[in-house]
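Student: What shape does this take:
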Amino acid sequence: MITNIGTIFAQSEEGKEVTVRGWIHRHRSSGNMVFAVIRDHTGILQVTVKKDKVSEKDWKSSNDAYVESSLIVRGTVKKDERAPGGLELQATGFELISRGEPFPIAKDLSEEYLMDIRHLWTRSQKISSIMKARHHIVNYLREFFISEEFYEVAPPIITKSGCEGGSTLFEMDYFGEPAYLTQSSQMYAEVFVFSLGKVFVLAPSFRAEKSRTKRHLAEYWHLEPEMAFYDHKMNMELQEQMVRYVVEKMLKEHSELLKTCGRNPLDLEKIKDPFEKIDYKVAVERVNEFGGKMEWGEDFGADEEALLTKDQERPLFVEKFPKAIKSFYMEEDPKNPEVVLANDLLAPQGHGEIIGGSERIWDYDKLLARMNEQNLDLKNYQWYLDLRKYGSIPHSGFGLGIERVVKWMLDLDHIRDTIPFPRTINRCYP
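Tutor: Below you'll find the predicted structure:
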């Protein structure tokens, strides 16, 4: 029977005979002894192979192995404070499944080279740990919405209409007609608030932005809830509840994984009190106070968001943006028609925007007028207008970038490490 490495440490298997399988993480030989650190998906374990304790064939295999050779090892678990985790496996059998070839990854390689062999770099402890954390974060997001009685719906990825503006659309030929990879599933999610009430989508979105910042991807995973009868205030309250839920679950159940990924859990423990909320106007004033240069009517970039959040311990809401810089479907503030009932949620410590949300325009005539103001091709949006013709209701929603949330929660330097195969302005391989 195969034993997972994690089980050996969790159940204090000292003195027991076990069989493990995995890959060689590190390897060296010294006279009549081979030291190999092996890994599986649950952890790493030091293995010692003595020449007089294994067969001649197994001894040769242990010497011939490369880093990343796959293997099966049998032996006895013993205490050794010098070994990772304080336990080692003293081998009585060492069988190579596949010796393979010399592994091309060593120390001090360039980021560009590691990106070229990303399919192999994903085996690293760093990327493996991040992918585990990403899995849990996504799981808790889903768990939150299911607990709030949301339904998950499946939108199309190919569309005839843009949601966030034509300049960032990836165009494609769809059987002789122009079509696009979706920028957002929001409008399709809105379809279902009339029948299911509260829904969410978790799917890829695509943005043809020629951006080289540490927080932009051309392809990313987008979580987009839409809620019937929610106003702007309720929308922000839900966003805050969701973020706090996921943070609390990660702290409670995966604190050690957070540390492994480089995040100090004490930082996330501060995400308890209500998040501060400021108007766009106040945010612009703060940016300028902190040394930035911004005028009313300009949108925030990475530098401005970093200024707003570098000293923050909790996420920060910025709301009520100028109508001119936001999307056509956002509802105006009845107290000030120059701004819309929209918000961004900025992660602390300079990580910047992780959520954008708004109350949606639900009146047919108002939406039609806004679309005409922006010279949108109405024939591609007729279905969206139809939603306002038959029993329309007030509703709200938001979009969360999974990779941006992972980057913040794990305190990573670059968004490219939050997704297995990042697609950026200069990379579409492997």
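
Student: For the stretch 1-150 of the chain, which segments are assigned as strands?
Tutor: For the stretch 1-150 of the chain, the strands defined by DSSP state E, counting those that start in this stretch cover 17-30, 33-40, 43-50, 70-79, 87-98.

Student: Would you format these as a markdown table with mean neighbour count, mean pLDDT and distance to A10 included?
Tutor: For glycine as for every other residue, the C-beta is placed from the backbone atoms N, C-alpha and C. Below are those laid out as a markdown table (neighbours: other C-beta atoms under 10 Å; pLDDT from 0 to 100; distance: least, C-beta to C-beta, whole Å):
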| stretch | mean neighbour count | mean pLDDT | distance to A10 |
| --- | --- | --- | --- |
| strand 17-30 | 17 | 97 | 13 |
| strand 33-40 | 19 | 98 | 13 |
| strand 43-50 | 21 | 98 | 9 |
| strand 70-79 | 18 | 98 | 12 |
| strand 87-98 | 19 | 98 | 11 |
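
Student: Please tabulate those strands in TSV and include distance to K233 as additional columns.
Tutor: Supplementary listing: those in TSV, determined by distance: least, C-beta to C-beta, whole Å:
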stretch	distance to K233
strand 17-30	51
strand 33-40	48
strand 43-50	46
strand 70-79	55
strand 87-98	54
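
Student: so which of those strands comes closest to T309?
Tutor: The closest of the strands of the stretch 1-150 of the chain to T309 is strand 43-50. By C-beta to C-beta, the value is 34.8 Å.

Student: contacting residues around the closest one?
Tutor: With contact meaning C-beta atoms under 8 Å, 6 or more residues apart in numbering, strand 43-50 is reached by 4-6, 8-9, 20, 25, 32-39, 58-59, 62, 73, 75, 80, 83-85, 87-91, 94, 125.

Student: which one of the strands of the stretch 1-150 of the chain lies closest to K270?
Tutor: Among those, the nearest to K270 by C-beta to C-beta is strand 43-50 (29.6 Å).

Student: Please enumerate the strands of the stretch 301-430 of the chain.
Tutor: With DSSP E, counting those that start in this stretch, the ranges of strands along the stretch 301-430 of the chain come out as 316-322, 332-333, 336-347, 352-359, 395-401.

Student: and those as JSON lines, adding distance to I137?
Tutor: Formatted as JSON lines, the strands of the stretch 301-430 of the chain follow (distance: least, C-beta to C-beta, whole Å):
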{"stretch": "strand 316-322", "distance to I137": "20"}
{"stretch": "strand 332-333", "distance to I137": "33"}
{"stretch": "strand 336-347", "distance to I137": "13"}
{"stretch": "strand 352-359", "distance to I137": "11"}
{"stretch": "strand 395-401", "distance to I137": "11"}
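
Student: Quick one: closest of those to I271.
Tutor: strand 336-347 (9.9 Å).

Student: which secondary structure elements does that closest one contact?
Tutor: With contacts defined as 3 or more C-beta pairs under 8 Å, 6 or more residues apart in numbering; DSSP states H and E, strand 336-347 has these neighbours: helix 232-253, helix 302-309, strand 316-322, strand 332-333, strand 352-359, helix 402-409.

Student: State the mean pLDDT of that strand.
Tutor: The predicted model gives strand 336-347 an average pLDDT of 98.

Student: now stretch 365-380
Tutor: Averaged across stretch 365-380, the pLDDT comes to 95.

Student: mind listing what's buried in that stretch?
Tutor: Taking 16 or more other C-beta atoms under 10 Å as the neighbour-count basis, stretch 365-380 is seen to contain the buried residues L367, L368, R370, M371, L376.

Student: could those residues go into a markdown table alongside distance to G15?
Tutor: Output for the buried residues of stretch 365-380, formatted as a markdown table (distance: C-beta to C-beta, whole Å):
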| residue | distance to G15 |
| --- | --- |
| L367 | 72 |
| L368 | 76 |
| R370 | 73 |
| M371 | 73 |
| L376 | 72 |
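
Student: On the pLDDT front, check the residue lying farthest from the centre of the chain for me.
Tutor: Outermost residue of the chain with respect to the C-alpha centroid, by C-alpha atoms, centre = their mean, is D52; its distance is 49.0 Å. According to the per-residue confidence, D52 scores 97 in pLDDT.
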